[in-house]
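Visitor: Give me a 3D structure for the following:
(2 chains)
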Amino acid sequence: QQQVKQSPQSLIVQKGGISIINCAYENTAFDYFPWYQQFPGKGPALLIAIRPDVSEKKEGRFTISFNKSAKQFSLHIMDSQPGDSATYFCAASNSAGANNLFFGTGTRLTVIP
Amino acid sequence: EAQVTQNPRYLITVTGKKLTVTCSQNMNHEYMSWYRQDPGLGLRQIYYSMNVEVTDKGDVPEGYKVSRKEKRNFPLILESPSPNQTSLYFCASTSTGFASLAKNIQYFGAGTRLSVL
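Guide: Residues are numbered from 1 along each chain as shown, chains lettered A, B, ... in the order given. Predicted structure coming up:
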C-alpha cells in the first residue's frame, strides 16, 4: 500500500514555465515532508523540506505548498530550466516514530528549451 | 566530503549465487537504510538500522539480509538472488535529530544496478 501518492508520473514543461508536482498522504502522524531530486545515474538528493506548522516554504525557484486539512502537498518549480530535468520524489515521515521515509512513486520532469 | 559509498556500482549475477553490496558512510550517522528503486514503484525501503547491532525490516525485506557491526558500514546481502531482485539499489544515511529541517536529511549513495539472470 502506497503511503504517499504522487502525480503526475511524467511532466513536460517549456523553459520558463511552472512545473507542479502533487502528493497526498493518509497518515496524520506524518510531520516531515521532504522533496528529493534525482539526476540520471545519481542517488536522490534533498531539494527542499517542510514541516506542517507552515503552509509554504520557498527556496529560490522551488516552493512547497502544504495543505494539512487536505493532507496534500505540492512542489512548484518557477521559471523551469532544462537543468531542472530530473526525477522528483516526495516523501513523508513521522519523526516520533522510527523516522522511516515513505516515498512517492516519482515524477520524471523534462524541461524543453 | 560527506558521502555514502556503495560498491559495486554494477553487478550481473546468476540465480542463487550469494552476493553482498557494501555501503559505507563517513558522517558518523546512526541511522542507515537500504532501498530498491523500480520503475513506477519509486523507492521502497528494504531494511534499516537505527544503530550498531540494531536492524529492522522495511517494506520489502523478503530475500535480503543486512548487518550493522560498525557504525559506518551497512552491507546488503542477497543469500540466494532471484530475477525479481533485479533492481537499482540505494544505501542511505540519515542525520537524525528533529530540532530543525537541517537535520533529518537522508544522504544517498550513487546506487548499485543489479541484474540477476
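Visitor: who in chain B is up against chain A?
Guide: Among all residues of chain B, those adjacent to chain A (criterion: C-beta under 8 Å from any C-beta of the partner chain) are B:4, B:31, B:33, B:35, B:40-45, B:48, B:50, B:56, B:58, B:90, B:92, B:94, B:96, B:98, B:101, B:104-111. Where you see a C-beta, it was placed from the backbone N, CA and C, and this is true even at glycine.
Visitor: make it 7 Å
Guide: Residues of chain B lying close to chain A (C-beta under 7 Å from any C-beta of the partner chain) are B:31, B:40-43, B:45, B:48, B:50, B:58, B:90, B:94, B:96, B:98, B:101, B:104-106, B:108-111.
Visitor: In terms of helix, strand or coil, where does residue A:95 fall?
Guide: coil (DSSP: H, G, I helix; E, B strand; the rest coil).
Visitor: what's the neighbour count on it?
Guide: Here the number of neighbours of residue A:95 (other C-beta atoms under 10 Å in any protein chain shown) works out to 16.
Visitor: ok, now residue B:83?
Guide: Using other C-beta under 10 Å, residue B:83 is surrounded by 10 other residues.
Visitor: what sits against the residue nearest to residue B:79 when sequence neighbours are not counted?
Guide: Leaving aside its chain neighbours, residue B:79 sits nearest to residue B:18 (5.5 Å; criterion: C-beta to C-beta, 6 or more residues apart in numbering or on different chains). Counting by C-beta atoms under 7 Å, 6 or more residues apart in numbering or on different chains, residue B:18 touches B:78, B:79, B:80.
Visitor: The same query, at a cut-off of 8 Å, please.
Guide: The neighbours of residue B:18, taking C-beta atoms under 8 Å, 6 or more residues apart in numbering or on different chains as the test, are B:77, B:78, B:79, B:80, B:81.
Visitor: Dihedrals phi and psi, the first one?
Guide: It stands for residue B:77. phi -120, psi 130 (degrees, to the nearest 10).
Visitor: From chain A, how far off is it?
Guide: Using C-beta to the nearest C-beta, to the nearest Å, residue B:77 is found at 20 Å from chain A.
Visitor: Now do the contacts for that residue.
Guide: Taking C-beta under 8 Å, 6+ apart as the contact definition, residue B:77 lies against B:18, B:19, B:20, B:21, B:64, B:65, B:66, B:67.
Visitor: what would those look like in a markdown table with secondary structure and pLDDT?
Guide: Rendered in a markdown table, the data for these read as follows (DSSP: H, G, I helix; E, B strand; the rest coil; pLDDT from 0 to 100):
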| residue | secondary structure | pLDDT |
| --- | --- | --- |
| B:18 | coil | 97 |
| B:19 | strand | 97 |
| B:20 | strand | 98 |
| B:21 | strand | 98 |
| B:64 | coil | 98 |
| B:65 | strand | 98 |
| B:66 | strand | 97 |
| B:67 | coil | 96 |
